[in-house]
Structures are given as C-alpha cells and as structure tokens.
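J.: Can you look at this prediction? I've put the sequence above it.
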Amino acid sequence: MMKKIQNPWLHKEGYNCFGCAPGNASGLKMEFYEDGDEVVSVWHPEPQYQGWIDTLHGGIQAVLLDEICAWVIVRKLQTTGVTSKMETRYLKPVSTNDCHLTLRAHIKEVRRNLVTLEAGLYNEAGVLCTQAVCTYFTFSKEKAAEMGFQSCKLEEEE
C-alpha cells in the first residue's frame, strides 16, 4: 500500500526546486510515495519536455531519476545530501504522449556518508526505459538541521 510522503520543504522560504517544488511554474512538480523499501513517483510528461519529436528529453529523464533518489535519502535516512555521481542508462525512448510514467528508487548500499541508490523510469506500459545508479554524499543530521531539514514524514503521520 503506497503512502504519500509529505514535502518537508513546502513552507521553507526560497524553496523553488526544479524537480519537486509545486510552485515552480517551469518545474516538474514531482510528488512521492513510499512503497516498502522503495520511493515511487508517478509523473505526467508534457510536450515542452521533449528532446526529439514526442520523445522525453534525456536530461529531463536524468532530473526525474536524480530527484527520486534525493527523496529516498530524505525519507529513508531522514537527512539530506547532494549527488556526487550519477550513471544513467537509456534503454528505450520515452514518449511524451504517455499518460504517465512511473519512477521507483531504493537504497543499494550505505558506506558511511556515501549512499548508492538504484532508480528506474517505466513507461505507461510498465516497461523499464531508463535506469540510473546514483551516489549521494549525505549530510550529518546536524548539518541537515542547519539547512532547515527537520524530518520527512508520511501524510498520515503528524
């Protein structure tokens, strides 16, 4: 059963993330759900995000995959971090005409403050089109708190 993850940045001054800020007019406005060990996002492609005709731009695909990995860190490890490395494999073209795309990500390995995550982008038919392995440098809870991060809860948790 998927549960919606609360956005911990919603009321933070200056928050305008291209990936997840609901108020960023040119952004992707991603939302996230917890599904066991995974974080999931369902995203609706639009024509302004194409590279080739009717094809989702590879850079936008990378943003989607990077962003969901960041949310795995925030939700599962209850801290923040930055991407230090990302390897993206484009397996099949992604159509901007699909009604929705599904992204899934999970932690593969934690070595001190370096976290390796695996993420996949699936088309409307459920076919894996793009996969990424991201390495994140995570911040201590103290550093995350200095940056304004308290916690990341599910919507029914208060």
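T.: Yep, that arrived.
J.: Taking the chain centroid, which residue in the chain is the extreme one?
T.: The C-alpha centroid of the chain is most remote from Ile53, which lies 24.7 Å away (CA atoms, centre = their mean).
J.: what helix or strand does it sit in?
T.: In this structure, Ile53 is located outside every helix and strand according to DSSP states H and E.
J.: nearest spatial neighbour of Thr135, skipping sequence neighbours?
T.: Lys85 (4.2 Å; CB to CB, 6 or more residues apart in numbering). Where you see a C-beta, it was placed from the backbone N, CA and C, and this is true even at glycine.
J.: what's around that neighbour, how many residues?
T.: A count of nearby residues for Lys85, using other CB atoms under 10 Å, gives 11.
J.: Where does it sit: helix, strand or coil?
T.: Secondary structure assignment for Lys85 (DSSP: H, G, I helix; E, B strand; the rest coil): strand.
J.: Cys152 versus that one, what's the distance?
T.: The gap separating Lys85 from Cys152 is 23 Å, by CB to CB, to the nearest Å.
J.: ditto for Thr83
T.: 18 Å.
J.: Over to Lys143?
T.: 16 Å.
J.: between the two, who's got more neighbours?
T.: Cys152 (22 against 14).
J.: isn't that one right up against Leu77?
T.: No - here Cys152 does not reach Leu77: they are 9.3 Å apart, not a contact under CB atoms under 8 Å.
J.: what's the offset of the lowest-mean-pLDDT helix or strand in the chain from the middle of its chain?
T.: Every helix and strand of the chain was ranked by mean pLDDT, DSSP states H and E. The lowest is helix 141-146, at a mean of 93. Here the centre of helix 141-146 is set off from its chain's centre by 21 Å, with CA atoms, centre = their mean, to the nearest Å.
J.: How about the secondary structure of Trp9?
T.: In three-state terms, and counting by three-state DSSP, Trp9 is coil.
J.: what number of residues lie near it?
T.: Using other CB under 10 Å, Trp9 is surrounded by 17 other residues.
J.: That one and Thr80: what is the separation?
T.: 10 Å.
J.: same deal with Val133?
T.: Val133 is 20 Å from Thr80, by CB to CB.
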